[in-house]
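J.: Got a predicted structure plus its sequence, pasted below:
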Amino acid sequence: MDSDAIRKLLSDLGITDAGASCLVLSYDSDASSISAKEIGVAEVRCLGGVASVADLDGLGRYSLAIVVGQPGQMRKRDVVHLLARLRDRYAERVALREESSNLSSSELMALGFVRFRRASGRFYVYDPDTYFEPREWNNSRQWANPENFRKYRW
């Protein structure tokens, strides 16, 4: 994945802040030549061949984590663990190239990823801004209404 594709992906996801940061996990190409200036962000960190979640220790939080290429010899369970850890701890948004995963569509959707097709390519993306939809019943007015305790039975 080159710098133009990353710049398009950032734009498609609405990450236009010059103070944004990007983490690229590359398994099949050399992404180490990508610079922050090329893609218009404050910081880019490229890691190749991450084999487990332990390899991520010490990283900060990034605006976007991009996983490019097949995670090699990793078992399915380890790939799920890696994506969940990226999503929960290391990045606000996570993009996984569609052909990069050995997980099925339903397994990725169970992790909160949705299919994302734009000019930048085909990805599965976890973006909390689009994933969490406000629900009518999930508000403070509907919670624990003591005036209804003796009126209704569940």
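T.: Yep, it's here.
J.: List the contacts of the residue nearest to Leu108 when sequence neighbours are not counted.
T.: Setting aside the residues directly before and after it, Leu108 is nearest to Tyr124 in space (C-beta to C-beta, 6 or more residues apart in numbering), at 4.8 Å. All C-beta spots, glycine's among them, are computed from the backbone N, C-alpha and C. By C-beta atoms under 8 Å, 6 or more residues apart in numbering, Tyr124 lies in contact with 95-96, 98, 101, 108, 113-116.
J.: List buried residues within those residues.
T.: Neighbour counting over these (16 or more other C-beta atoms under 10 Å) leaves 95-96, 101, 108, 113, 116 as the buried ones.
J.: among those residues, which are in strands?
T.: Residues of those located in strands (DSSP state E): 95-96, 116.
J.: circling back: the residue nearest to Leu108: which element?
T.: Assessed by DSSP states H and E, Tyr124 sits inside strand 121-126.
J.: How about residues contacting whatever helix or strand comes next after that strand?
T.: Remark: after strand 121-126, the chain's next helix or strand is helix 128-131, criterion DSSP H and E. With contact meaning C-beta under 8 Å, 6+ apart, helix 128-131 is reached by 14, 92-93, 112, 114.
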